[in-house]
Each structure stands twice: as structure tokens, then as C-alpha cells.
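Participant: Pasting a predicted model and its sequence here:
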Protein chains: 2
Amino acid sequence: MLNLFEIHDWKIIEQEFNPSKQKQAESIFSIGNGSFGQRANFEEKYTGDTLQGSYVGGVYYPDKTRVGWWKNGYPEYFAKVLNSCNWIGINIEIDGEYLDIHQQEILSFRRELDMKSGTLSRRMRVRFKSGKEIEVESLRFCSMHDEQVAAIRFIVTPLNFSGNVKFTPYLDGNVMNHDSNYDEFFWEEDSHKVDVKKGFICSKTKKTNFIVSTAMRFSFWKNDDLLEIEPKNLSKAFYVENSFDYFLEEGNHYTLKKYVSIVSTINHSEGEVISKSIDNVRQAYMNGFDYLLKNHTSVWEEIWSKADIVIEGDLAAQQAIRFNIFQLYQTYTGKNDKLNIGPKGFTGEKYGGATYWDTEAYCLPFYLKTADPRVARQLLIYRYNQLDKAIENAQKLGFNRGAALYPMVTMNGEECHNEWEITFEEIHRNGAISFAIYNYIRHTGDVEYLEKYGRPVLVAIARFWAQRFNYSQAKNAYVMLGVTGPNEYENNVNNNWYTNYIARWCIEYSLKVDNSLEKTLGSVLNEEEKQHWKAIIENTYFPLLEGTNIFLQQDGFMDKEQLEVSDLSLNERPINQHWSWDRILRSIFIKQADVLQGLYLFEDHFEDQVIEDNFNFYEPKTVHESSLSPCVHVIIAAKIGNLSKAYELYLRTSRLDLDDYNHEADEGLHITSMAGTWMSIVEGMAGVRILEDGLKINPVIPECWTKYSFQILVKRNPIYISISKEGFQIENKGETSLNLEIAGQKTELKSNEKMNQSFLLKT
Amino acid sequence: MLNLFEIHDWKIIEQEFNPSKQKQAESIFSIGNGSFGQRANFEEKYTGDTLQGSYVGGVYYPDKTRVGWWKNGYPEYFAKVLNSCNWIGINIEIDGEYLDIHQQEILSFRRELDMKSGTLSRRMRVRFKSGKEIEVESLRFCSMHDEQVAAIRFIVTPLNFSGNVKFTPYLDGNVMNHDSNYDEFFWEEDSHKVDVKKGFICSKTKKTNFIVSTAMRFSFWKNDDLLEIEPKNLSKAFYVENSFDYFLEEGNHYTLKKYVSIVSTINHSEGEVISKSIDNVRQAYMNGFDYLLKNHTSVWEEIWSKADIVIEGDLAAQQAIRFNIFQLYQTYTGKNDKLNIGPKGFTGEKYGGATYWDTEAYCLPFYLKTADPRVARQLLIYRYNQLDKAIENAQKLGFNRGAALYPMVTMNGEECHNEWEITFEEIHRNGAISFAIYNYIRHTGDVEYLEKYGRPVLVAIARFWAQRFNYSQAKNAYVMLGVTGPNEYENNVNNNWYTNYIARWCIEYSLKVDNSLEKTLGSVLNEEEKQHWKAIIENTYFPLLEGTNIFLQQDGFMDKEQLEVSDLSLNERPINQHWSWDRILRSIFIKQADVLQGLYLFEDHFEDQVIEDNFNFYEPKTVHESSLSPCVHVIIAAKIGNLSKAYELYLRTSRLDLDDYNHEADEGLHITSMAGTWMSIVEGMAGVRILEDGLKINPVIPECWTKYSFQILVKRNPIYISISKEGFQIENKGETSLNLEIAGQKTELKSNEKMNQSFLLKT
């Protein structure tokens, strides 16, 4: 463990400035509000190594992918989340020398992310080349309450002098993407305007024509007194600033309060964005910083009351789980059906800020249990809204009759990844979407959703699978050729067990749902289709290792050289950094849970011994080189009583970014896998399972924890669960009673009832 | 058939100008001399649709491939053949109006490629907007005798006026590549100079730093009299010109003779290229156009005396086969060990002008039988010289101990293709190189080559294969996972029959060669290595269709939907233009000979019935969407007596570009597959096989041919073979006697002996 930052139950703290970890810190200390987000770049000039990043949800650029040998059905572009207008900028100059801690002596430095209140603050003392020393104290937040508003409080205190200091708050839209394919500038200017203590920049994205207006307003204070100033204005393309010199008296605090609003055509019409952004900053200015902050913090209070996990006896684990929950909620709030959860959230450019199957497979279970069901529903509606595009996507590949293939990576429903072996072949993602619908229904019982939105999606996905299977005369069964399973260290394999399994399940569940709605709404399937589907369900081919319980990952899996991860030397790992792709593809090593992903989702379909045998077969072959991998293994390990393995892998997932295991936190955080960490505790350690008619729980507790507790939502009932070495407590804070299954025993937990269990837990 | 151009036994003729087929014509009428080449662009200005192309052998640019998800071992760049200095330019202006047949009325037009003499000529009459009419007659060639020299004779005759005409011969180095990834200009200027009636441009390629100097000199004549002129000079970066006005008298011929030399650092030092190019044009100027032309033509005479195939009774077939032979010899002459045969030769940019396995698999057999053995040897030395790079290439993928993987596409020995499924996986190319060595030895008996150059290559390739196989416990045999066979409509398959077969053969042949050299030179293998190789040879896994003679293309082949090409509708073909890559990969359809490629190479290893059964199994599944495919099927079809199929596929291969079957001749010609066409006649129709100790022949003749004849070299003996409906004649024009096997009967053909056979041929 690298222990990059100080361990604290509610905070991430950096006590000393280290330029070499500035980019990691910029990721870790990122803040956002579901609508936009900002890396922890400094307000003032900084000439050291930095990755500037300000991202507006849903605003992207289709960066052309034109190299290689294009073949029919390859996507035309790779979507990029855009680095947008830099809104944090406040430059400080003394006697012509800029505040820039890459150039100056740093006397003290403290940066702090307060997860309870959702604020990023910094306090530092700096000595200028002239010997003049100042203290800077900044606090900023992206308002969770007013989703188009952010605010910065920037306090300068001259420590050993009185004299002129120049303040320059500005907006700068002249920003590039680090990862653009052609070093292209992605923006065009719409307009800009600057006035006394205010200004805006309105920019338009090339090709996609998203318009984003960023407006600012500011005030300037000496201690608690508002000061009259007469700033000079400057503006040019993509840039507006105000600047003013002020005579600062030693020991006094001079505060610049900068209010910003970011409004885009994601939510507003083209004509509205500028006026709306100006209105927002006027309102924010009038309400004042403290008022905005109070509203912002109260939203976090509300979130924590539902979503927090308290861990006692293990401060690092406590900090980590809160960090994960915090990042998830500042990435996605469920307020906007056009947004989704990019793998890096608002913390970096990588993976293009687009939607992956991560959302359904990892994030949805988190939101289902910790937020109002509308949040999870919004994620499902997002896919429903893109159903037509998913049907088009399948058509491009040659499928017909309403078959839908959801994209591997998308912004607007179109596929926008650029590896054929993923886009055409990693089709199991379609299954995750059907499973998410099933899971949502199981948690909420929302039949109205199923009728209107769920069934069309389920049927279109099942139609895809029915066409994607083909009948093999040789095997006398339905096979599925040329796929990539969740384990992306294999490509273009035949009969991936997981894909075949979830595909068959999708067809089966779709038939079941259609059947259940037939009486009231009629069936949407014709008899021939139903017969074809049933034939597949009854005769799907699955590769098995004869004479054992082992489901083979794919045809030919046993032809590989039979090795285990323990056969690898440390300097070969991670293999994706040390081995050629050729060697990886041919090796037995598994990037992330594949067969086990299926056993996790469909646990109820298999005997415990089967799950255990497969875990023992696959875990030693799994290198966990995807952030999404360990959590599934934690959950299964906990289930089969292998608690040491469960805890080992839990550590790996929970502090992945905080301790930067993979040396890549500088590029952004693994937001979607953070939901997996949460699952590791709730479904893994606590053994929580949502049944169609209730709740199953089968908890364990790691050796070094004394107690852990959390609340989950089950059919709208908040259920509080607390687990210690002595036993566990479960309380139904909801209004309806709940069926419970504890270690195989069925019981009922009435509204407002509490239950204590003190049987021996597996530790 | 499109019959784009007129049919003639020695010429390609265009009688009428059609702007919509100008780009096709530019490809078809390309000229070259093995050292450089030029598309049939017009000398004068042309504002219609055109693909300018002037290519210098071996000069390339490593165009960066940076889009996608890079993985270890992916090549860094894709090499591009460079469009180089335009040296043909001669502008004509009358009263300020440029000669430009896209703008003017064309009274007559004739373009002619004379394959016997290797010249491109054009005669046309054009009416200017002013009503003035001129005749233009041009003739040009790239000298096969002086490989750095080209010359143009450009005659202007005023038809209905006397008056001033402006002539502007120029060189223009400001040329782009049509297929650059980033619209980048690939050249930097080194220097340029212009003087009276001469000038040069010297340019340098970015990144690769190749230097190319192009020099010109010209003279101007009225009928047969040299004229004194005083041209104006103009020069700027990448451009030099002379221009002069001359008063032309009606009915007289005014001739501009332009001499050009192209010299590059491929053959000369940096300091030499400019002076060498200037010397060359001075010498050419002094020798004069007719002298240069005579020398050039005499080289072609020599080539045709050895390489011609005469076909009687089928003029289209006669023209086609000569076109193929002509293109091959103007692409590669064997003079330079740094050059090789790009799939498009000097006729287009596509495929980057680089070296593919086409060279060994298709071109080598052609040169072996039609040219001095030094030509084929040069091709093998090219690979020998790149052995170190091939070892590096294998190391990048994780192989060791001197294992070599030759690149799929290369300029300098480095891999420069950019699809992992090809570069890592289409490794059978390695086998083609070993087979080429075997084939060379079989034709020439050149043991000195084998000792010095052949064995190191064979051993390094065998070492690769020995590591690439892995032992499968499940199959109790050596398997080869994750390959792409010659049929590129499959990727990442296990146990491709062809690859396994040729890999095992490579190991076996390498052992045999090492063994044969052991007594004189010692073995280069240690005992352990030999034992490992033997274990593989004795226990290689091959996928078979049980109960039949069918070798399965790969594991799982029979799980595909069992269709035949006849099940496809016409509007689905070619499938690579109508189907998604996903659908193609999963389908049973075969792009080009795969199992059959193996049965072709190793015919002697199999019973005739086995070959016939496999042909009948695979041919109906083969869509022949590679230009390299039909020839192999022709050869096997002829062998098994399916002459109608053989002739059908022969037509397809022989006039592929002349009739532009695939609508892509505009991008350049399929040079390497032209050798396959030649093989279709010699190995297919004539059934010629080279044995280690002689020659086997088993000819057939297509219905519509009355006779065909050709000469081949066998162990340095020119053997003349003539086949008619009545029988065939074979004559040994060499100095040693030859073992013959005719329809299973063994005999001997002594030096200068002729033999007539009149047994019934299969028709």
C-alpha cells in the first residue's frame, strides 16, 4: 500500500505538497455534483505537471478513428468527454510575480477533501521571491443543491508585509483534451462578454454542437467587509477576466468569492443557456457563499443518512468505503435521464466519460439499495430511451426484426468504442441490461415500469440473442460463436459459458415477462418466435469439464497451458504491462471474473458445491487486472466461507485509487468499480441478497473489524443492519413487513421491528 | 467482364477518353523499372479526377497509428509508400489557356501501353476554347537499362494555326499522399536549383530521412532540328520550372525531350544523390532519346524471350497473361537487395508498397522459373538480411532463444501493419519463407546459399514454431492456439490446419537441413532442442472431420451454419462490401484458399482422393475475395480434372485488373497476385511440378485455347513446353539432362532433346 494520503474517517488529507503526485491528487480530490465536475487543479497559476480537467456531463466530442483497416460495422468514432471551460481560475500577482507554487517556496500546505460536507479546501503559506509571504485559504464546491452552480472562497492574507496584490479572476475556454487523436481543438466560440465583476464564455463543441455557457460573478472582502473595487476588464476569444490591484494590510484577510454557473444544451435550449447561466450567478451572488454552502452540505447529509457504511476498528477501510460512496454520488445523482456514469466520472478524460455495462452490472445494485428507486429507474430509462439506437446498432451488424444490441460504450446510444473484438463480440453487455431490469423489479416491484419500459427492452435483447445463437449440426445444440466474455484477455472465442448462460436467461426471462403481461396487455411475441426461443432454451450448448462441476470458460479452454497466477514472477505482473497481447490472449490467465460473474448473478441456480469448485478452479487463474474483478470474487469467497481470500481482495478493491495500486490514479479514478467495493461489503461480508419476496442475509466479519453497519432499501423499506463479532442486528425502519431468510431459516420482520441474532458467524 | 480497354496481343489500348475511368487507366497504364514507377497521369495539367502517383522503390514513411487501445507488442506505425516528386510535368499554354483535356474539346484520343517495348504513348487532338487545334503525341518510359533514368518525348503540332505556344517543363515535389492518416505532408526540402533547360529538386522524407534527388534536362526540336531557346527559370520550395514561348508553324512538329533521373539514398550516400542525378541527366541528354529507348527495349526483349507465355485461340487470355508478366517485371527486377514486391507495385499507394508473404508464396515461383536464379536468390537474401529484425519482432511478443517471426508487412524488417489479429496471429507467413527456401533449393540446388543464408533463417523460424506450439494435456498433443490462417475471414482460431501443417513441416525441414549440413559444418542445434522438435513432429494435433478425408480449417469449424456460396444472393457479394465484419467472421465463407493452400504446397504428401475431397468440400465455401485465392483453386482443379472450374477461376484471376472485377483498379493493380495467374497456367493448366531431381508435367488445355507455350528454367536448363489439343512438346534447351515424369511415367530428356507426347489430355 502506498498510503498516499492521510487516513481519517471523513476526510482525505494531504499535509505536504509533492509535485510528483499532483496529478494523482488532482484526481483523488476531484469534486462534482452529478451535473459537472472538476479535478483538483489549483485556482491560481501552476506551471508544474498537471492535468487540467473540467467536465460537463453529457457533453462529448466524436473523435474520429480513421486508422487501420476499416470493415463494415466498425464504429466511426470514439467519443471523448470534453475538457471544458476552466472556471476555477483566480490569479494572484505581487510586484509582477505570479503566485505559482511550482516556482515558490512553500512554507506549509494542507489540502483536504471533506466527504461529509462535499468540499475541497486548501490552506498554504508561500514565500515569494521578493520574500513576501502570504497565506492562501481556498474552499470550493460544486453545489449538489443547485446543480448548475459552483462557488469558490479564496482568502489571501499577507503575512509579513502590507502592499499591493493583484487579483485576476477569469474564465478560460481555450482548453484542450489531453487524449485527442489529432491534437485537435474541440470547441468553437459562440460568444463572450465581460463586465465589472462578471463575465461569461459561451462555447460550442465541433461536430456535436453542444453549447455550454459558463458565467462568473465575484465579490471582494476585507475580513467581513465588502470592498468597493474597480477592476479592469479584458476579453478575447474564449477568455474573460477582471483584474484589480488592492493594497493589502498585513495580517488582514482578503476574500474573493467567485460564483460560477455552467449551463449546457443538455438541459436547456440554445437560446436559454447564456441567460440562464447569468441568472444563476446573479442569484448565487445575492444568496451568498455561506447560504449556498449550507444548502450543498444538507444534500450530503441526506445522502449519508441513507448510504453510509460505518466500519469500526479499521480506519483505512472506513475512509475507503466512504470515499467510494462519496465519489459515486458526486458522479451520478439520478436527476437527469440524459446522463449516466462514466468509468472515470468527472475525474479524468480516459474512457471518454461514456456509458459502459459497468452501470448495470455494478452501479445499479448500489443505487437500488441506497437511493430512492427513482435514481435506479432513471438509469434504466436511459437505456430505454436508447432502444431505437440499439436496434440500429444491431441492424448495422446484420440483425433484424427488432433485435437490439446495446453498445459497449456510448454517449447517445451509438456505439463509440473502436475495437471490433469488443464492439461486435463483447455482447454479454446486453445481458447485463436485462438482468438490471430483473434486479430493479426484484428490489422495487415496479410493474408499471416493466409494462411500459422494461418489456420492450427485454424483448429486443432476447431477439438479438435468439439470432446470435446458431444451431450446430455437429453439436446438435445451439452454440454462440465469436464472442468476447467479461474476461477481455480472450477474444473471439466460441461458446463463452457466461455469455451463453446469460443469453439463454435473457430469452427465458423475456418470455416469462411477456407471459405475465399477456393477460392484461397481450403478448408482443408471435407463436413462431416463442417456439424458436423455447428450442434454444431447451438446447443451449455449455462447455463443461467432463467428470467435474467445472463450467469451462469457452470451447478449447483446456488446451491452454495449465498455469496458475502463483506460477508468475512478480516482475511479470500486471501481465498487461509486461506481456505482449499475443501471449496474454493465448495464456490461461483471466483478467476479471467470467464464469464466476455468471455464478454470482445466478447463484440460486447452482449448488453451493458447484460454486465452490468453480471458484477454486478459476480464482487461482485470475489476475484481477480489471478494477471490476475483485468484488465478484469477494462476494463468492465470503459465500463459500473463504474469508481470508475475501478480505485480501476487498482491500485491493476498496483502496484501489486512494493507494493507487495500479499507478494510474493520475488519469482519473475508477468510479464504477467503487460500486463493486460497496457490493463487496453488503453482498460479500454481510451476505445480503434481495429475493423476489424479501431479504436473505448471511453475514461474516473480517478479523480486524469490530463492527460494521449500513442501511439498505428493500421494497422501499429502509433496513438497518449492524454486524459485530458477537452477532448482528437487523431493524426494519419501513412501513411494511419483510420476509427474512437468515442462514436458511425463514422468518418475518415487521415494520419498526428489530431483531438480534447471536449465532456464530464464520470468521 | 467490363472490357475496359481494347484487346490486343501485345498492347493495352484506349481509343477514347473517358474521365470517369481515368484513375483506372492511370493504374493500368502505369510504367516502372523495378527501381521507380509512375502512374499514367498526364504530363500536362489535368483538372479532372486523378490520382497522382510517382513512387520510388524502398522510400517510405512510417505513418503513426495512434488510435485505439494500444497493447504491448502492437506495431507503432503503418508504413506508407510515398508519393514522390512529380517528374513528368510539361505544361502547354496557348494565349493564356492551359492544355487541360478536362476543359477542352477532345477531337481524338488514343493511349497505348506497348508491353513488348515497355512504353506508354498517347496521341490526341484537342480544340482550345479559342478554336485553335493541336495534336499532342507523347511517349515515355522508365528505363529498364538505366534504372535511375526516365525519358519523355512530347510532340506538339499546331493543326489549324501558326502562333505562340508556351512550354513549361517542370518538377514538382509538393505532392501529398492520398492515404495519409493525418493529412500530413511527408517531405522536407533539402535543396533545389534551376538553370537553363535543367534543374533538380532534392527532398528528404520526414522521420525516415530518405533523400531523393530528381533532376531534369530537356531539349526542344522543330521536326528533326534542335532549336535554340532561352527559357525563363522559376524556382521555389519543392518546385523548379523552365518556361518559354515559341512561335509554332502550322503542320510542323515541335518536340520537347525531357530526361529525368531519380536517385535516392536507397542506393547512394547522402552526398552523392544530387550529383549522381545531375550526371545521369547529362549523360541521358548526350545519348539522346532514341538511344535510351533502344537500350530500354532490348531489356524487355531479353525478358520476353524467357518469360513469355504464348496462348493461341484466346486473344483476351493472351493479352492478360502478358499484362501480368509485364507488370511483374517492371515492379521487380532483382537488381537491388533492399527492394521487394509491394502488392500494388508502383501503381498505387494502397498496402503501403511493403513486403507481404505474397512475395514468397506467389512471386518467387514465377521468378524461379522465368529469370536468372539470382533474382529469386535476391528475394531470399532480402529476408536473410532482415533476420535480426525478425528475431526482435518475436522477442517483442515474448519469444526467445533466437526464434524469428517475420513481419506480415514490412519495409525494413520491422512489423508495420496495424491489426493485432494479423500481426500476431497470421503467422503462417513464417512458413511461406521456409517453403520458399525449400522451393529455391529444389529449383536450383544452390547449396552454398543454403549453408550461408538458408539454414540460419530456417532454424530461427523453426525455433519460433517450436515455442508457438504448446502441449495440450486435454488433447495429449501439440496444439497451436490463437492464429489467423490464410483465410482472413477468421481470426484468433485454434489449430488452423494449414498453420499447424506448415509449422510442423518447417520444423521437420529445418532438422533435415541441419542434419544434411552437420557433417561438413556441424549442427547449430543442441540435443534437447532436437528432441523437443521431434516430439512436436511426432505428435502435432490436426483437426479432422471424422469418417472423411476432410481436414478441418480449424477447431470448431463444423459448428458454423453450414452454407455454400450458392446460398448467397448476388447482392450480398462480395460479402466484404455487404456484410458486417461480425457476420463474416462467424460465417463459414472462406476469403481465400486455406486448407487448400496446404494441399497445394504439399501435394505430394496426400493421396489424390484426399485432395479432391477437400477441394469439393472447400471450393463451394470459398468466396475468393482475395486476389490471391483463385490461382490455388485453378491449380488444384486442373490437377483433379475439374477443367471447367479451373478455367472459370483462371479468367477471374487473369483479367482481374484489366476488366476491374472488384471495382478497385483505380487504387492500383494487384501486382503480386499476377504471379498467381502465371502459376495458374504453368502449374495449373500445364501441370508443371519441380521435383528435387527433375520435372513432372501433366498438362490440360482449356476448350477455347488451341495452343499455349512457354519456357521455364529448371536447374538452369531452359525447358520449352508447348501444349495443344493434340498433345504436347517438351524441349530441353539446356546443357544437362533432365529427369521427367509424365503422367506417372519416368523418363529422361537429354540436353537439346525434344520430346512429343500425343496422349489424350483431360479436357
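Facilitator: Yes, it's here.
Participant: Look up how far chain B lies from the spatially closest residue to residue A:726 that is not a sequence neighbour.
Facilitator: Spatial nearest neighbour of residue A:726, excluding adjacent residues (C-beta to C-beta, 6 or more residues apart in numbering or on different chains): residue A:758 at 6.1 Å. Any C-beta I mention is one placed from the backbone N, CA and C, and that applies to glycine too. To chain B, residue A:758 is 49 Å away according to C-beta to the nearest C-beta, to the nearest Å.
Participant: pLDDT score assigned to residue A:758?
Facilitator: Listed pLDDT for residue A:758 reads 76.
Participant: Near it, how many other residues are there?
Facilitator: Counted with other C-beta atoms under 10 Å in any protein chain shown, residues neighbouring residue A:758 total 10.
Participant: Ok, residue A:151 next?
Facilitator: The number of residues packed near residue A:151 is 28, by other C-beta under 10 Å.
Participant: Same check on residue A:556?
Facilitator: Neighbour tally, residue A:556, other C-beta under 10 Å: 23.
Participant: Hmm, it is touching residue B:492, no?
Facilitator: No. Residue A:556 is not in contact with residue B:492 according to C-beta atoms under 8 Å; the separation is 11.0 Å.
Participant: Look up the residues that both of the two are in contact with.
Facilitator: The contact sets of residue A:556 and residue B:492 overlap at residue A:493 (C-beta atoms under 8 Å, 6 or more residues apart in numbering or on different chains).
Participant: which other helices and strands contact the one helix or strand residue A:278 maps to?
Facilitator: Using DSSP states H and E, residue A:278 sits within helix A:273-287. Packed against helix A:273-287 by the contact rule (3 or more C-beta pairs under 8 Å, 6 or more residues apart in numbering or on different chains; DSSP states H and E) you find strand A:149-158, strand A:198-205, strand A:211-222, strand A:254-264.
Participant: Mind doing that once more with 10 Å?
Facilitator: For helix A:273-287, the contact count by 3 or more C-beta pairs under 10 Å, 6 or more residues apart in numbering or on different chains; DSSP states H and E identifies strand A:149-158, strand A:187-195, strand A:198-205, strand A:211-222, strand A:254-264, helix A:289-307 as packing neighbours.
Participant: With adjacent residues omitted, what lies nearest to the residue of the stretch 551-700 of chain A at minimum distance from chain B?
Facilitator: The stretch 551-700 of chain A approaches chain B most closely through residue A:580 (3.3 Å), counting by C-beta to the nearest C-beta. Residue nearest to residue A:580 in three dimensions, not counting chain neighbours: residue B:73, with 3.3 Å by C-beta to C-beta, 6+ apart.
Participant: quick one: pLDDT of the one you found?
Facilitator: 75.
Participant: repeat for the one 5 residues further on
Facilitator: We have a pLDDT of 78 for residue B:78.
Participant: can you count the residues close to it?
Facilitator: Per other C-beta under 10 Å, the neighbour tally for residue B:78 reads 23.
Participant: From residue B:367, how far off is residue A:497?
Facilitator: Applying C-beta to C-beta, to the nearest Å, one obtains 51 Å for the distance of residue A:497 from residue B:367.
Participant: picking that back up, tell me the phi and psi of the residue of the stretch 551-700 of chain A closest to chain B?
Facilitator: The phi/psi pair for residue A:580 (degrees, to the nearest 10) reads phi -70, psi 160.
Participant: near chain B, which residues of the stretch 501-650 of chain A?
Facilitator: Counting by C-beta under 10 Å from any C-beta of the partner chain, the residues of the stretch 501-650 of chain A close to chain B are A:541, A:545-546, A:555-562, A:572, A:575-587.
Participant: Any regions of chain A where pLDDT drops low?
Facilitator: Applying pLDDT under 70 to chain A flags residues A:1-3, A:65-70, A:181-182, A:352, A:759-763.
Participant: coming back round to it: now do the contacts for the residue nearest to residue A:726.
Facilitator: A:724, A:726, A:727, A:728, A:729 (C-beta atoms under 10 Å, 6 or more residues apart in numbering or on different chains).
Participant: all strands for the stretch 401-550 of chain A, in order.
Facilitator: Taking DSSP state E, counting those that start in this stretch, the strands of the stretch 401-550 of chain A run over residues A:470-472, A:477-479.
Participant: returning to that earlier point: buried residues in the helix holding residue A:278?
Facilitator: A:273, A:274, A:276, A:277, A:278, A:280, A:281, A:284, A:285, A:287 (16 or more other C-beta atoms under 10 Å in any protein chain shown).
Participant: how far away is the last one from residue A:200?
Facilitator: When you say that, I think you mean residue A:287. 19 Å.
Participant: Once you drop chain neighbours, what's closest to residue A:74?
Facilitator: Residue A:74 sits nearest to residue A:420 (C-beta to C-beta, 6+ apart), 6.0 Å away.
Participant: thought that neighbour was touching residue B:421?
Facilitator: Yes. Here residue A:420 reaches residue B:421: they are 8.6 Å apart, a contact under C-beta atoms under 10 Å.
Participant: Name the residues contacting each of those two.
Facilitator: A:491, A:492, B:491, B:585.
Participant: Apart from its neighbours in sequence, what residue is nearest the second one?
Facilitator: What that stands for is residue A:492. The shortest distance from residue A:492 to any residue other than its chain neighbours is 4.2 Å, reached at residue B:492 (C-beta to C-beta, 6+ apart).
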